[in-house]
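> Sequence isn't available, so here's the structure alone:
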Ligand code: HEM
């Protein structure tokens, strides 16, 4: 390949050389393998876009290496500059490949089949036979046998004729369609990401959600998405059902059913309709989908302050940490007097004593619920103006109530209440469940889908069709006609000779003779 | 039969199939062993000498053929018993029998044996027998380590996409396995063809087709598997993920490795069309592709946590 020669460094030559390198098959291969390697780290190190909490945990576990990895973009591999660089180069290379090949292909479509080479025996497979049929009859039979191939007949000197045929043009078409569709898919994905959004929200039984930014726990959107484009639907969760494999059976505790039922209105003023969302069966509202992606428990807590006022009375979602729903959560009571109160602790749906005396949950359903909380008093830090996560207690301006050298501990089962050190009480009045919904919209999600299906069809076409050239030469020799046949595959295959035999057989059948043997 | 009886039957069947397949492997190895000293065109040489006393080579050749025949028969038997085991497992759980790692191991081995038997009939590829039966035995044995009793599916798997997506993955995986086995033999044979002088060409390696033919087989199974993998991993998977998790692609570890496998095999197809990469390098890329595929089902399932509840 001359393109591999070191270039003499005129700028234009260099550009052209560079372009040719970039769009060569070798480069495509190299970039493909590079892309595969570049994708690996993202599967081994947690990713911000996938699981932000796991990334934080990773920082705690690996305080030395994590910041370095972070600088290298290892926690957001698929948006990192180096990953983007590889796939952008691949895209450019791909387009640089497709465009010229498309032109070549269009030209080839209109071209006539190539002329027969002089010497058939140089071709990978050839044969000859004699027949009593005339040259014209041979040509006619040859055409019939060649079927749908593109055929060109050249009449030579009197008594001779040459047939050139080519078929399998669809192979290259399939190949082009496939490669174009790769571009379509990537563009479609990019558009969906730029204009789409995705967020998640926790909704407890009896509570509602309306689709505005403030109601989301997590929210992410593409850079071309505008918050006022959020469709104004709202929904209310009435009941949540979770079923688990019963205790004492095989696979006890394995989840069996999650189901959220309630009502929604598609936009203000529209009628109320019911929904029934299960895993794999999202609710569709005007191009937005509501998926059920998680669930957990929300103990209903009632807090009375030192003055005897009920300052808190609502369900508090505790986020599950393991398959047995050992959950952690935070209660903030800003209205408590004389000081604000904060609680932090765990909820266990089926509490049991663990090996070291600590309580753990042994089963995901609420068979023996237990709430354990530590208590802080002081300033919750809610007035500072900076938004705070409801799942994190900012203890910087708070003091923990102590019991000797251990933290003072609240330990409650449903229906129980406990006095607080400052005189108030906390009561565990009931247990509700919450659903975690993921709400998302990615406009044009059909584009990548259609693209990849078209690509698949193109791929199958290009992998199954054989591009083949066939030549037949007939020459009258006395009372007989000598027929030479040769075939050439543009993609080398080993079944050529067998195919030639098969072709000859059909050819001679078309000539009306089957007995004579090819020489 | 009750669910418990089906379960017990299934467990016995899978265990028996593992044993039978191991014996098939031994028979195939014996087939290679017996052929240690045989020259490739032995039959042609002795064809004229009817009535001659059978030589040591004749007996070796005969033994080798018998061992190969036994290997194939045992593979067929293992297939039948495994089929019964997998079906019983499905009847016991009342769903498709590939809802967890153990079941996937069994069903995928069944599929791989099916592919092998079909291809032996189509293209006489019994020369990959030792690799397929050896690999299948190992997979079945390892599956036993992650055995779980049959039970209903976790909610995320309640979808007909489970049938489509996983079936696609198993079919393409089986073809990838055959492709990998052929690629290994291609590398061995092509090397031997370069380095072994004509007179030293004895043994089983010289009774299997020439490397060009093996390469052809490898290409064909890969060309068959790649579109199916594209469908299973890049069409069916994302559609299902959209329903189950609300996003069609999320760079979950399992998705990442499915993508890596896809890219590597695309690399294989390109390598075959690139001068200097055809042949040896392409075969190595195919093996890397298969390694990424296996890693996805072993390494990722066991060591990396992701959303694919399959693994648990
Ligand atoms: C995401 C990137 C790409 C993927 C997934 C991909 C995939 C494929 C596949 C599966 C084939 C096999 C089709 C066949 O054998 O006929 C193929 C063939 C081909 N690809 Fe790509 N490709 C990619 C990028 C590129 C690039 C960047 C180039 C430009 C150099 C390129 C040039 C070709 C050519 C010329 C063929 C035909 C090979 C032949 O003669 O059979 N591809 N590609």
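It's in. Remember, predicted model here, so these are calculated numbers, not experimental data.
> In three-state terms, label residue 68 for me.
With no chain named, the answer covers chain A. Three-state call for residue A:68 (DSSP: H, G, I helix; E, B strand; the rest coil): helix.
> Wait, chain B was what I had in mind.
helix.
> ok, for it, nearest residue in space, not its chain neighbours?
Leaving out its chain neighbours, the residue that sits closest to residue B:68 by CB to CB, 6 or more residues apart in numbering or on different chains is residue B:31, at 4.0 Å. (C-beta placed from N, C-alpha, C; glycine too.)
> What is the burial count for that neighbour?
Residue B:31: 25 surrounding residues under other CB atoms under 10 Å in any protein chain shown.
> Report the contact partners of residue A:499.
By CB atoms under 8 Å, 6 or more residues apart in numbering or on different chains, the contact set of residue A:499 is A:125, A:468, A:487.
> Let's see the pLDDT reported for it.
We note a pLDDT of 82 for residue A:499 in this prediction.
> Help me confirm that it is found in a strand?
No - going by three-state DSSP, the assignment for residue A:499 is helix, not a strand.
> Does residue B:228 touch residue B:172 like I think?
Yes - proximity of residue B:228 to residue B:172 meets the contact threshold set by CB atoms under 8 Å, at 4.1 Å.
> The two: which is more packed in?
Neighbours per residue (other CB under 10 Å) separate residue B:228 from residue B:172, with residue B:172 holding more: 28 against 21.
> can you tell me how far the residue of the stretch 301-450 of chain A found nearest the ligand sits from residue A:435?
Across the stretch 301-450 of chain A, the shortest distance to the ligand (CB to the nearest ligand atom) belongs to residue A:448, at 13.3 Å. Distance from residue A:448 to residue A:435, counting by CB to CB, to the nearest Å: 29 Å.
> For the chain, just list every one of the helices.
Answering for chain A, as no chain was given. All helices of chain A, identified by DSSP state H, fall at A:11-22, A:25-39, A:41-44, A:52-61, A:65-71, A:81-110, A:135-146, A:169-195, A:446-464, A:496-510.
> Sorry, I should have been clearer: chain B.
Using DSSP H, helices in chain B cover B:3-34, B:42-47, B:56-93, B:101-123, B:129-145, B:160-195, B:211-231, B:237-245, B:253-271, B:280-297, B:299-303.
> Now do the buried residues in the last one.
Looking back up the chat, that one is helix B:299-303. For helix B:299-303, the neighbour count (16 or more other CB atoms under 10 Å in any protein chain shown) marks B:299-301 as buried.
> just the fifth one next, same as before
Applying a neighbour-count criterion of 16+ other CB under 10 Å, the buried positions in helix B:129-145 are B:129-140, B:143.
> Pull the residues that contact it.
For helix B:129-145, contacts defined as CB under 8 Å, 6+ apart pick out B:14-15, B:17-18, B:21-22, B:24-25, B:28-29, B:31-32, B:68, B:71-72, B:75, B:78, B:82, B:101-102, B:104-106, B:108-109, B:112-113, B:116, B:120, B:177-178, B:180-181, B:184-185, B:298.
> Got a PyMOL select line for the buried ones in these?
The PyMOL selection below is limited to those of those classed as buried (16+ other CB under 10 Å):
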select buried, chain B and resi 14+17+18+21+22+24+25+28+29+31+32+68+71+72+75+78+82+101+102+104+105+106+108+109+112+113+116+120+177+178+180+181+184+185+298
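> low-scoring pLDDT stretches of the chain, where are they?
Just so you know, I chose chain A. Scanning chain A for pLDDT under 70 picks out A:1-9, A:355, A:357, A:384-387, A:491-495, A:514-519.
> please go with chain B instead
Across chain B, the ranges flagged by pLDDT under 70 are B:39-56, B:303-312.
> Is residue A:419 bridged to anything, and to what?
residue A:425 (DSSP bridges).
> Quick check: it touching residue A:412?
No - with contact defined as CB under 8 Å, residue A:419 does not reach residue A:412; the gap is 11.6 Å.
> got the domain boundaries for chain A?
Chain A breaks down by automatic domain parsing into domains covering A:11-107, A:123-168+A:468-511, A:197-441.
> now these in CSV, with distance to the ligand?
Shown next, in CSV, are the domains of chain A (distance: least, CB to the nearest ligand atom, whole Å):
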stretch, distance to the ligand
domain A:11-107, 3
domain A:123-168+A:468-511, 6
domain A:197-441, 22
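> Take these and lay them out in a markdown table including distance to residue B:266.
Shown next, in a markdown table, are the domains of chain A (distance: least, CB to CB, whole Å):
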| stretch | distance to residue B:266 |
| --- | --- |
| domain A:11-107 | 6 |
| domain A:123-168+A:468-511 | 17 |
| domain A:197-441 | 27 |
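> closest one to residue B:284 among those domains?
domain A:11-107 (11.0 Å; CB to CB).
> near chain B at all, the closest one?
Yes - shown here: domain A:11-107 in contact with chain B (CB under 8 Å from any CB of the partner chain) through A:25-26, A:28-29, A:32-33, A:35-36, A:39-40, A:42-44, A:47, A:49-50, A:77-78.
> Briefly note if stretch A:246-254 comes near chain B.
Yes - using CB under 8 Å from any CB, a contact is recorded between stretch A:246-254 and chain B, made by A:249-251, A:254.
> ok, and the closest non-adjacent residue to the residue of the stretch 301-450 of chain A closest to the ligand?
Leaving aside its chain neighbours, residue A:448 sits nearest to residue A:188 (3.8 Å; criterion: CB to CB, 6+ apart).
> Settle this for me: that neighbour is touching residue A:454, isn't it.
No - Residue A:188 is beyond contact range of residue A:454, at 11.4 Å (criterion: CB under 8 Å).
> Neighbour count for these two, which is higher?
Ranked by neighbour count (other CB under 10 Å), residue A:188 and residue A:454 place residue A:188 first, with 21 against 16.
> Residue A:196 versus the more buried one, what's the distance?
Look at residue A:188 and residue A:196: by CB to CB, they are 11 Å apart.
> give me the subset of the buried residues of helix B:299-303 touching chain A.
Counting by CB under 8 Å from any CB, residue B:300 from the buried residues of helix B:299-303 sit close to chain A.
> Out of the buried residues of helix B:299-303, the closest to chain A would be?
Checking these against chain A with CB to the nearest CB, the nearest one is residue B:300 at 7.1 Å.
> Against the ligand, how distant is residue B:58?
Distance, residue B:58 to the ligand, using CB to the nearest ligand atom, to the nearest Å: 45 Å.
> how many other residues sit next to that residue?
Residue B:58 - counted by other CB under 10 Å - has 16 other residues nearby.
> Contacts only, for the closest residue to residue A:286 other than its chain neighbours.
Leaving aside its sequence neighbours, residue A:286 sits nearest to residue A:231 (CB to CB, 6+ apart; 4.9 Å). With contacts defined as CB under 8 Å, 6+ apart, residue A:231 is in contact with A:211, A:266-267, A:285-288, A:441.
> now these: which count as buried?
Buried subset of these (neighbour count, 16+ other CB under 10 Å): A:211, A:266, A:285, A:288, A:441.
> what would those look like in TSV with distance to residue A:61?
Below are the buried ones among the contacts of residue A:231 laid out as TSV (distance: CB to CB, whole Å):
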residue	distance to residue A:61
A:211	37
A:266	45
A:285	40
A:288	37
A:441	35
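> And the furthest pair within those residues?
A:266 and A:441 (13.9 Å).
> How about stretch B:183-199 and chain A, any contact?
No - contact of stretch B:183-199 with chain A (CB under 8 Å from any CB) is absent, the minimum separation being 13.6 Å.
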